[in-house]
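Enquirer: sequence and predicted model, in that order:
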Amino acid sequence: MKKTGVLIVDDETELCDKLKNILEAQWDNYRIFTAYSGAEALTVLEKEDIDVLVSDIRMPGMNGIELMKKTNELQRDIRTLVLTGHGDFDNAVDALRLGADNYIKKPVSAEFLHFAIMNSYEKKELNRKLRESEAQFRSIFEQNSAVMLLISPETGSIVNANTASSSFYGYTVPEMTSMKITDINMLPQEQVRKEMQSARLGEKKAFVFPHRLKNGEVRTVEVHSTPLNIKGHTLLFSIIHDIEEQEKLRVRLRQAQRMEAIGTLAGGIAHDFNNILYPIIGYSEMTLDDLPQGSTARSNLEQVLKASFRAKELVRQIITFTRQGDSERAAVSLQHIIRESLQFLRATLPSTVEVSQYIDNTCRQVLADAGQIHQVMMNLCINAYHAMGEKGGTLEVRLKETAFLPQDSLSYPDMKPGAYLKLSISDTGHGMDSKVMERIFDPYFTTKEIGKGTGLGLSVVHGIVRSHKGHIEVYSEPGKGSAFHIYLPMIEDKARDKRITDQPVPGGKERILLVDDEIQIVEMMSYVLGHLGYTVSARTSSLEALEIFRSSPQSFDLVITDMTMPNMTGLELSEELMRIRPDIPILLCTGFSERVTEKKIKESGIRELLMKPAPIKEIADAVRRILD
């Protein structure tokens, strides 16, 4: 099988080589050539059989537009894709006028580039078929698997249709030839007529239209139309490609890029917000020790601490949702999480929604991430509210224990017999039919109006439940509401929830080098560690801390450093410190960093990772674990 010849031209040599390597590694149907200038590209074009030219627009010497003109002069059917950067829109339009199939904005996704190349190569193959002799045309037309139509540009009548078009549209060939193209093209008739004239004059060859099938379904199609003289009459030979799935892929790519941007934003928010919370929690805990039990001031400060820990958990949920944080699981009581979620939801839901809850307080615990379970609750309850609409209805939440025996017929093949917690969330909304239910867990599938949902909610719920070794069932009928049943395996021993305890806070006499670029955190941590008996040398600059350590590496028993700092990160500082003294224990603190993983921590030799903001007890315990 002939491999597609692709020439990638870009003066950014690294990008050029990277795209070549990725395409060759992931797909075996390419012969990839590279050139770093327009002149070099022409040399390759003269020597090699190139099907698709992928060229940057802005290049020194001969730019992409000039290269396209030179390529066209070769009079070979070489398809062209242009790469554009910010502000290159006018040049991209010029490239399209010269015959480029598409323009791709940088940074370039290899998968999208592969799709574009294959699309261009497909266009080339279709053009090759169009150039076949008229004697072969009818055979190709009748037997080709591509959807093909012959259309009169004057009347819009469908003169002929091949078998593939009959299969695609659902009409018989005689039915098709009794119709006009405006019967299946959903655009206004006047616009369709203008597009046909544009194709007849050769001004435009490729179009994207919404076409209605016989069953009423509307599909997005790409139409390539070429004027063809048959027995003295000019007809439009049109080849139709169903690009509905490709359009969905484009939408998903945009959604993925949006989620990536949200993730980046979440990282910045998490880092800054956690740095604000850190001194609030630290100073509040220290002040709490100085206030008498039962006093109003102590009670008020305890509320401040509770709110701070809720804020900390909220940041963690944001990071988890954007897939940038690791799941933290512990033995938890679902009844507490459900009640907290419902309490939060009551302030959000309108008075037209009645919330009924039937929660068994004696339920045993599950091994779960509390933040993710909260997210499951929020997503399902908000979906239920949307399903009930403005009229409202009843949102019912139930929690109880259940068990499956080996002889029971289980819903999933990998669902094991045993004890489960069953969380049920039901509504009295409009319900769903079987077709919708088949797709509700698909990413980006949504029945909501544009702007009212991303289609991610239920796919996230499904992913969380499955990651907890749980299962989810859905029951729904149009007009009768919906019910979601979630099964999570219980743990046998009723382990305690992960909570702040009143155990003594450990201290010591060791010497600690503390590094953080936030002055408030440095002051708070210095006070806490000093209060616990440690001797603290604090710096707000990683470079200063490195010089102090270099001058006297044996003067410290432990280094506590923040991760995200200017000039030198905590990870880089740690590596430098361990080059000077390999046995120095290091505690790395971070509020958020996608660059830090448990694997990287272990490989670097850092003893422990502490997530900010941390309570005093957690800080003190981590210090003692390392030093002891």
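Expert: Perfect, I can see it now. Treat the numbers as computed from the prediction; the structure is a model and nothing was measured. Numbering: from 1, shown residues only.

Enquirer: show me the helices in the stretch 301-450 of the chain, by range?
Expert: With DSSP state H, counting those that start in this stretch as the criterion, the stretch 301-450 of the chain has helices at 334-346, 370-388, 434-439.

Enquirer: looking at the ones you listed, which is nearest to Lys248?
Expert: Among the helices of the stretch 301-450 of the chain, the nearest to Lys248 by C-beta to C-beta is helix 434-439 (11.9 Å). (Glycine included, C-beta is placed from N, CA and C.)

Enquirer: chain center to the closest one: distance?
Expert: Remark: helix 434-439 is offset 23 Å from the chain centroid, using C-alpha atoms, centre = their mean, to the nearest Å.

Enquirer: got the buried residues for the helix or strand just after that helix?
Expert: Under the assignment DSSP states H and E, the closest C-terminal helix or strand after helix 434-439 is helix 457-467. Buried residues in helix 457-467, counted by 16 or more other C-beta atoms under 10 Å: Gly457, Leu458, Ser459, Val460, Val461, His462, Gly463, Ile464, Val465.

Enquirer: show me what the helix or strand following helix 457-467 is packed against.
Expert: The element immediately downstream of helix 457-467 (helix or strand, assigned by DSSP H and E) is strand 471-476. Where contact means 3 or more C-beta pairs under 8 Å, 6 or more residues apart in numbering; DSSP states H and E, strand 471-476 is packed against helix 457-467, strand 482-489.

Enquirer: one more time with 6 Å
Expert: strand 482-489 (3 or more C-beta pairs under 6 Å, 6 or more residues apart in numbering; DSSP states H and E).

Enquirer: now tell me what touches the strand it packs on from outside.
Expert: Outside strand 482-489, the residues that touch it by C-beta atoms under 6 Å, 6 or more residues apart in numbering are 366, 380, 420-427, 431, 465, 468-476.

Enquirer: any idea which of the helices of the stretch 301-450 of the chain gets closest to Ile158?
Expert: That would be helix 434-439 among the helices of the stretch 301-450 of the chain, by C-beta to C-beta, at 30.5 Å.

Enquirer: CA atoms only: put the closest one into CSV for me.
Expert: The C-alpha trace of helix 434-439 is given here as CSV (Å, rounded to 0.1, in the frame of the first residue of the first chain):
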residue,chain,number,x,y,z
SER,A,434,-33.6,4.7,25.8
LYS,A,435,-31.5,6.4,23.2
VAL,A,436,-30.5,9.2,25.6
MET,A,437,-29.8,6.7,28.4
GLU,A,438,-27.3,4.9,26.1
ARG,A,439,-25.2,8.0,25.8
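
Enquirer: what mean pLDDT does that helix get?
Expert: The average pLDDT within helix 434-439 is 76.

Enquirer: only the buried residues of it, if you could.
Expert: When neighbours are counted by 16+ other C-beta under 10 Å, no buried residue of helix 434-439 is found.

Enquirer: what does stretch 341-357 give?
Expert: Within stretch 341-357, the residues scored as buried using 16+ other C-beta under 10 Å are Ser341, Leu342, Leu345, Leu349, Val353.

Enquirer: okay, and for the stretch 251-400 of the chain, where does confidence drop off?
Expert: Applying pLDDT under 70 to the stretch 251-400 of the chain flags residues 252, 255-256, 259-260, 262-263, 266-267, 316-328.

Enquirer: let's go with 50 and repeat that
Expert: 323-325 (pLDDT under 50).

Enquirer: same deal with the chain?
Expert: In the chain, residues with pLDDT under 50: 323-325, 449-456, 494-501.

Enquirer: which helices and strands does the longest helix belonging to it pack with?
Expert: Using DSSP state H, we find that the single longest helix of the chain is helix 244-289. Applying 3+ C-beta pairs under 6 Å, 6+ apart, one finds that helix 244-289 contacts strand 218-230, helix 296-321, helix 519-531.

Enquirer: now the angle from that helix to helix 296-321?
Expert: Taking axes from the mean of the first three to the mean of the last three C-alpha atoms, to 10 degrees, one finds helix 244-289 and helix 296-321 inclined to each other by 160 degrees.

Enquirer: domain ranges for this structure?
Expert: Listed domain ranges for the chain are 4-130, 134-242, 334-496, 511-627 (source: automatic domain parsing).

Enquirer: could I get these as a markdown table with distance to Asp290?
Expert: What follows is these, written out as a markdown table (distance: least, C-beta to C-beta, whole Å):
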| stretch | distance to Asp290 |
| --- | --- |
| domain 4-130 | 54 |
| domain 134-242 | 68 |
| domain 334-496 | 28 |
| domain 511-627 | 11 |
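
Enquirer: and Ala311, which of these is closest to it?
Expert: domain 511-627 (8.8 Å).

Enquirer: end to end on the closest one, go ahead and measure it.
Expert: Here the two ends of domain 511-627 are set 11 Å apart, with distance taken as C-alpha to C-alpha, to the nearest Å.

Enquirer: does Val192 touch Thr182 like I think?
Expert: Yes - Val192 is within contact range of Thr182, at 5.3 Å (criterion: C-beta atoms under 6 Å).

Enquirer: nearest to His531, out of the helices of the stretch 301-450 of the chain?
Expert: Closest approach to His531 among the helices of the stretch 301-450 of the chain (C-beta to C-beta): helix 370-388, 30.4 Å.

Enquirer: which elements pack onto the closest one?
Expert: When contacts are defined as 3+ C-beta pairs under 6 Å, 6+ apart, helix 370-388 packs onto helix 296-321, helix 334-346, strand 418-427, helix 457-467.

Enquirer: okay, the angle between that helix and helix 334-346?
Expert: 50 degrees.

Enquirer: with just CA atoms, put helix 370-388 into PDB.
Expert: Output of helix 370-388 as PDB, limited to C-alpha atoms (Å, rounded to 0.1, in the frame of the first residue of the first chain):
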ATOM      1  CA  ALA A 370     -14.600  13.000  50.300                       C
ATOM      2  CA  GLY A 371     -14.200  15.800  47.800                       C
ATOM      3  CA  GLN A 372     -15.000  13.500  44.900                       C
ATOM      4  CA  ILE A 373     -18.100  12.100  46.600                       C
ATOM      5  CA  HIS A 374     -19.200  15.600  47.200                       C
ATOM      6  CA  GLN A 375     -18.700  16.300  43.500                       C
ATOM      7  CA  VAL A 376     -20.800  13.300  42.600                       C
ATOM      8  CA  MET A 377     -23.600  14.500  44.900                       C
ATOM      9  CA  MET A 378     -23.500  18.000  43.400                       C
ATOM     10  CA  ASN A 379     -23.500  16.900  39.800                       C
ATOM     11  CA  LEU A 380     -26.300  14.400  40.200                       C
ATOM     12  CA  CYS A 381     -28.500  16.800  42.300                       C
ATOM     13  CA  ILE A 382     -28.000  19.700  39.900                       C
ATOM     14  CA  ASN A 383     -28.800  17.500  36.900                       C
ATOM     15  CA  ALA A 384     -32.000  16.400  38.700                       C
ATOM     16  CA  TYR A 385     -32.900  20.100  39.300                       C
ATOM     17  CA  HIS A 386     -32.400  20.900  35.600                       C
ATOM     18  CA  ALA A 387     -34.500  17.900  34.600                       C
ATOM     19  CA  MET A 388     -37.400  19.200  36.700                       C
END
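
Enquirer: sounds good, over and out.
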